[in-house]
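Novice: Sequence unavailable; structure follows:
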């Protein structure tokens, strides 16, 4: 009330009264007082520390599509991350604080993302955004998060535009290797291995698809629009389908088809190719579009038996920064899988790429929070990630690329081929990790040695 | 029957009601924390779009399932004016009204020949098609990434005047004057001669044309007015952070129509009520599901389910919406 009269100036309020507005005004005041009393009472933030940190708790916030067309697969990441945090909490938390993950469903619509972000910031009073999924949705809030100086860590988007200019987005740090890095590595391999074949691409015409296309082009692959290069509007793969795009690639005699699209589009592409009797020599799919479980679930919903969809996927080339989820010999896989079994309370906790990614970024976030120490502030977390992030280890076979000049995550990928059991196995049986940057740097073999995971599966940070 | 009012009375009444709405929002926002202030700002901007449906469907009987697409037209025109030409946000908002009104003119020219399900179908196609134009012509419209725009930080003079203003509060202060003016315009339009003409066309086209009303022209004028309003709402909605296809999805158009139906298609008060419902009901449900410890796997579907049910029940049991029910009660009391 006081604020309102100050806002209008006292004389203005008097003027309004003079126009005989007394009755409606009284009504208004009564109504607003009623609503006000119903509204949540204000919680004053403690002046000493940043929001979302108390002596006993750290609150992180995440936005992702939990429902809607874009949700399959990705809606498992939050449950997986929460399972790891619950495990950490069961072991005493980080410096005596437990980690709480608040999740909001933005249904992959940017209009809603803006509202849910405001809720996370103002109502849930989060300390940092963690692991938010979706490039187009994250674009809508990244500026606002950064101007409020809220850490925005391990974003589940490989869009290089978020990370390569830390002056623009100082608080945002990646949680996936960029699409450009992955496409450069995959592109170089395809160009050398299949020099005599015609290579084409199917990509979704958004920043993700274009970012990947830029990487493949940087690797020296050349595509001809309307001939060996076909695109579709992201999200239309389910409704409109991809028949015209695949017919175009078939008609132009493309032998190697690269897919830079989400998993649901990959599934539609394979089903469509089989319907039009198009059998390219090889499929090469960018990692976020090649999750075997999502692929099989989507085809399963169309009545394709699991054995058939596994056979369809077999032979597909893809890349990964982390071990294949089906790799039972990997110590991180074994440790994370056990935690997933014991702590995941999600509706679908089947072990796959999405679950592992959720676990892995939760592991990394825990490392960073441990690294900052007892005196945890937003500024300190950002400084820590910038200075020490590249030294943090995880299940990934490549380190985080964080520095003062870039905030991109995993800088390396290894290439594999799906076998008949939907396991991504290293090409020629030996895992070689390649590394490069999102710019014009060359693709080289990485000499990074991944540190072992501790027996209790907790990060050990000095 | 209410008495016929003179222009002066209508003008004064519209001014007072708009001022009351303005003050109501300001007073309400002072009771709120930043999140609810931003929700209040959402209500203020979406209300303008819902009012456009009140005009179009309520007053003139033309159905539109594509107001969200016209919002996109307003959003893109204002965002392009700001990012490409460097215009001020305020000027861009006003120009967005004209651009979308012009768009409404062309749409109206085609739509005046259609009615009922044919018109609904055409406008629905528009809701599907317009956002994807931005992706097809991505160099100009920036594709899926969209155009990053915002209301900026609260100006210094304001913070000097009333103390610290949060970003959420500032967004409300930007939107509210436009909402008040829009309400003023709609109240005036629907209560004066032009509004009576629209209602005459809605109720009986033959009778209206016998009374000398040009049916086609009247319908086009409604489309122009409603599109101007929706465009303004879209511009304000886009400046929350981003103008992109995923900000104006098809279900935005349907949500707006839902608000208008729940409140009462023919009532301006109903539009205000309906907009409050669609914005605050999901929050309320979330609070209840949290308190009752309903599992997340069920809880995430409840807001859409509740609003859908409310819409169905309104259509089946109370087609005139909340405003109609209120009037019915008042009427019953009198007799």
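Specialist: Good, I have the coordinates. The structure displayed is predicted, hence computed values, not measured ones. Numbers count the residues shown, from 1 in each chain, chains lettered A, B, ... in the order given.
Novice: element containing the closest residue to residue B:25 other than its chain neighbours?
Specialist: Of all residues not flanking residue B:25 in the chain, residue B:176 sits nearest, at 5.6 Å (CB to CB, 6 or more residues apart in numbering or on different chains). Just so you know, the C-beta spots here come from the backbone N, C-alpha and C atoms, and that holds for glycine as well. In this structure, residue B:176 sits in helix B:167-191 according to DSSP states H and E.
Novice: And the next helix or strand past that helix?
Specialist: By DSSP H and E, the next helix or strand past helix B:167-191 is helix B:193-203.
Novice: So what's the gap between that next one and the chain middle?
Specialist: 21 Å (CA atoms, centre = their mean, to the nearest Å).
Novice: What segments of the stretch 151-300 of chain B are helices?
Specialist: Assigned by DSSP state H, counting those that start in this stretch, the stretch 151-300 of chain B shows helices spanning B:156-162, B:167-191, B:193-203, B:205-210, B:215-238, B:250-263, B:268-291, B:296-299.
Novice: right, and residue B:100 touches residue B:77 too?
Specialist: Yes: the criterion here is CB atoms under 8 Å, and residue B:100 meets it with residue B:77 at 6.9 Å.
Novice: which of the two has more neighbours?
Specialist: Higher neighbour count among residue B:100 and residue B:77: residue B:100, with 33 against 25, using other CB atoms under 10 Å in any protein chain shown.
Novice: Distance check, that one against residue B:147.
Specialist: 16 Å (CB to CB, to the nearest Å).
Novice: Not counting its neighbours along the chain, what's nearest the residue in the stretch 251-400 of chain A positioned nearest to chain B?
Specialist: At 4.4 Å from chain B, residue A:347 is the closest residue in the stretch 251-400 of chain A, using CB to the nearest CB. Once flanking residues are discounted, residue A:347 sits nearest to residue B:297: 4.4 Å by CB to CB, 6+ apart.
Novice: I'd say that neighbour and residue A:349 touch.
Specialist: No: the criterion here is CB under 8 Å, and residue B:297 misses it with residue A:349 at 11.7 Å.
Novice: For the residue nearest to residue B:25, give me its contacts.
Specialist: By CB atoms under 8 Å, 6 or more residues apart in numbering or on different chains, the contact set of residue B:176 is B:22, B:25, B:26, B:41, B:44.
Novice: With residue B:173 instead?
Specialist: Taking CB under 8 Å, 6+ apart as the test, what residue B:173 contacts is B:154, B:158, B:165.
Novice: Quick check: of those, which lies closest to residue A:98?
Specialist: Taking CB to CB as the measure, residue B:165 is the one of those closest to residue A:98, at 34.6 Å.
Novice: Ok, which of the helices of the stretch 151-300 of chain B comes nearest residue A:225?
Specialist: Here helix B:250-263 is closest among the helices of the stretch 151-300 of chain B (CB to CB), at 28.7 Å.
Novice: Does chain A have contacts with the closest one?
Specialist: Yes: judged by CB under 8 Å from any CB of the partner chain, helix B:250-263 and chain A are in contact via B:251, B:252.
Novice: what's that helix packed up against?
Specialist: Applying 3 or more CB pairs under 8 Å, 6 or more residues apart in numbering or on different chains; DSSP states H and E, one finds that helix B:250-263 contacts helix B:34-53, helix B:67-85, helix B:116-136, helix B:268-291, helix B:302-317, helix B:321-334.
Novice: For the stretch 151-300 of chain B, give the residue positioned nearest to chain A.
Specialist: For the stretch 151-300 of chain B, CB to the nearest CB, closest residue to chain A: residue B:242, 3.7 Å.
Novice: thinking again about what came up before, check which helix or strand covers the residue of the stretch 251-400 of chain A closest to chain B.
Specialist: Counting by DSSP H and E, residue A:347 is part of no helix or strand.
Novice: pLDDT weak spots in the chain?
Specialist: Going with chain A. Counting by pLDDT under 70, the low-confidence segments of chain A come to A:1-48.
Novice: my question was about chain B
Specialist: Counting by pLDDT under 70, chain B contains low-confidence ranges at B:1-5.
Novice: okay, now the residue of it found nearest chain A: neighbour count?
Specialist: Nearest to chain A, among the residues of chain B, is residue B:31, at 3.0 Å (CB to the nearest CB). A count of neighbours around residue B:31, defined by other CB under 10 Å, yields 19.
Novice: do the same with the one 4 residues further on
Specialist: The number of residues packed near residue B:35 is 21, by other CB under 10 Å.
Novice: what do you get for residue B:25?
Specialist: For residue B:25, using other CB under 10 Å, the count is 24.
Novice: quick one: contacts for it?
Specialist: Residue B:25 touches B:40, B:44, B:172, B:176, B:179, counting by CB under 8 Å, 6+ apart.
Novice: So the second one is in contact with residue B:171, correct?
Specialist: No: taking CB under 8 Å as the contact criterion, residue B:44 and residue B:171 are not neighbours in contact, 9.0 Å apart.
Novice: Among the helices and strands packed on helix B:250-263, which comes closest to residue A:339?
Specialist: Using CB to CB, the helices and strands packed on helix B:250-263 put helix B:268-291 closest to residue A:339, at 25.8 Å.
Novice: mind checking the backbone torsions on residue A:284?
Specialist: Note on residue A:284: backbone dihedrals following degrees, to the nearest 10 are phi -130, psi 120.
Novice: Ignoring the adjacent residues along the chain, who's closest to it?
Specialist: residue A:317 is the one closest to residue A:284 (CB to CB, 6+ apart), at 4.2 Å.
Novice: Pull the number of nearby residues for the one you found.
Specialist: 22.
Novice: Show me what the longest helix along chain A is packed up against.
Specialist: If you go by DSSP state H, chain A has its longest helix at helix A:353-372. Contacts defined by 3+ CB pairs under 8 Å, 6+ apart place helix A:353-372 against helix A:77-90, strand A:98-105, strand A:152-155, helix A:292-301, helix A:331-343, helix A:378-388.
Novice: The second one - contacts with which helices or strands?
Specialist: Using 3+ CB pairs under 8 Å, 6+ apart as the contact criterion, the secondary-structure elements in contact with strand A:98-105 are strand A:57-64, helix A:77-90, helix A:110-122, helix A:353-372.
Novice: That strand: partners in the sheet, and parallel or antiparallel?
Specialist: strand A:57-64 (parallel) (DSSP bridges).
Novice: Tell me which residues of the strand it pairs with come out buried.
Specialist: A:58, A:59, A:60, A:61, A:62, A:63, A:64 (16 or more other CB atoms under 10 Å in any protein chain shown).
Novice: Equivalent analysis for stretch A:190-199, please.
Specialist: So stretch A:190-199, judged by 16+ other CB under 10 Å, has buried residues A:190, A:191, A:194, A:198, A:199.
Novice: cool, and stretch A:255-270?
Specialist: Buried-residue list, stretch A:255-270, by 16+ other CB under 10 Å: A:256-270.
Novice: do it and chain B meet?
Specialist: No: contact of stretch A:255-270 with chain B (CB under 8 Å from any CB) is absent, the minimum separation being 12.4 Å.
Novice: Centre of the chain to that stretch, how far?
Specialist: 19 Å.
Novice: now swap in stretch A:53-61 and tell me
Specialist: Centroid separation between stretch A:53-61 and its chain, computed with CA atoms, centre = their mean, is 22 Å.
Novice: And for stretch A:449-462?
Specialist: Counting by CA atoms, centre = their mean, stretch A:449-462 comes out at 23 Å from the chain centroid.
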